[in-house]
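**Q** pasting the sequence and the predicted coordinates here, then a few questions.
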Amino acid sequence: MSLAITDVPTTDLYAVALHSMNEPGGHRRWYARYEGGPRRSLGEALRRWCGTVDATDQDLLARAPGAVLDLGCGPGRLVIELARQGRESAGVDTSRVAVRLARSAGATALCRSIFDPVPGEGRWDTVLLADGNVGIGGDPAALLARCRDLIGPTGRVLVELDPPGTGLRSNRVRLERGTQRGSWFDWAHVGVDAVDGPAAEAGLHVTETWERAGRSFAALVPAPEGRADVVRRVGLAS
Ligand SMILES: C[S@@+](CC[C@H](N)C(=O)[O-])C[C@H]1O[C@@H](n2cnc3c(N)ncnc32)[C@H](O)[C@@H]1O
């Protein structure tokens, strides 16, 4: 993907990170800092986000029937590939720069929060939370409930998760490079063996989990019994 960004506000460190992918070795020295804790290199992740789909992404898309909504699409490698295949699809992302990149490569992408209204609410066949995007907002049950509202009764949510044993963790995180610091934001990590709880709270049921090339995924569909909070409210929970 060719990145052509000239008007990046310096306060938007994610935009700077995307922009840096134009430079040789630009993916290096980017970190996600966990508040009060360690930092993790973002180099390989940035390369993936700004690259083209690989075999694992293609496998994910092959499991995504019908009209696909990619939540937190970033620069859009998944929606770009869906558009290339002539599939009905759209991405949603709060980053103006990411959305511009996705659109310039042929994808449909909306610049807004995934918690804001989007076209086709309740009718999407597949909602994607790729690249750990189940962490968006730091509350996986609330995010999955939002996904549940976006899909139709026969729809599915495909979620990329952390490896088994990660559990369910919420942190504040920020981007860092050298002396540059982004703003703190809430993010969650969900292990592939810990997704059942938040899924059930959101009224979703895990039908399948799989691992490919070191990445973990789950497929979620609407649970016949609905949302756990609704079940609790009407006194049916055990
Ligand atoms: C881990 S990156 C995902 C990268 C993306 N899947 C890709 O292929 O490039 C997380 C993305 O979520 C976006 N994001 C974070 N919070 C969001 C929100 N509330 N609504 C929409 N997008 C959000 C960020 O701007 C970022 O692009």
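**A** Arrived safely. Computed from a prediction, not measured in an experiment: that's the story for all the values here. Numbers count the residues shown, from 1 in each chain.
**Q** below-threshold pLDDT in this protein: ranges please.
**A** Scanning the chain with the threshold set as pLDDT under 70 gives 1-11, 227-238.
**Q** got the phi and psi for the residue in it that the ligand sits nearest to?
**A** The ligand sits closest to Gly74 of the chain, with a gap of 2.2 Å, by C-beta to the nearest ligand atom. No exception for glycine: its C-beta is placed from N, CA and C like everyone else's. Note on Gly74: its backbone torsions stand at phi 60, psi -150 [degrees, to the nearest 10].
**Q** try Arg87
**A** Here the main-chain torsion angles of Arg87 (degrees, to the nearest 10) amount to phi -80, psi 150.
**Q** ok so, going back, what sits against the residue of the chain closest to the ligand?
**A** When contacts are counted by C-beta atoms under 8 Å, 6 or more residues apart in numbering, Gly74 touches 18, 49, 91, 93, 95, 98, 102, 131.
**Q** same check, this time on Ala109
**A** 73, 76, 79, 90-93, 98-99, 102-103.
**Q** if we can go back for a sec, next step: the contacts of Gly74 restricted to helices.
**A** 18, 49, 98, 102 (DSSP state H).
**Q** out of these, which touch the ligand?
**A** Contacts with the ligand within the ones in helices among the contacts of Gly74, as defined by C-beta under 6 Å from any ligand atom: 49, 98.
**Q** CSV please, covering the ones in helices among the contacts of Gly74 and showing neighbour count.
**A** What follows is these, written out as CSV (neighbours: other C-beta atoms under 10 Å):
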residue, neighbour count
Leu18, 24
Trp49, 23
Ala98, 23
Ala102, 29
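**Q** out of the ones in helices among the contacts of Gly74, the closest to Arg215 would be?
**A** Using C-beta to C-beta, Trp49 comes nearest to Arg215 of the ones in helices among the contacts of Gly74, at 13.5 Å.
**Q** looking at it, the closest one is touching Gly132, isn't it?
**A** No. Counting by C-beta atoms under 8 Å, Trp49 stays clear of Gly132, with 10.8 Å between them.
**Q** which one's the longest helix in the protein?
**A** helix 140-150.
**Q** buried set for that helix?
**A** Using 16 or more other C-beta atoms under 10 Å as the test for burial, helix 140-150 gives 140-141, 143-148, 150.
**Q** partners of whichever strand or helix holds Glu160, with directions?
**A** According to DSSP states H and E, Glu160 maps onto strand 151-161. Under the criterion DSSP bridges, strand 151-161 sits next to strand 124-129 (parallel), strand 215-222 (antiparallel) in its sheet.
**Q** before I go, just wanted to say thanks for your time.
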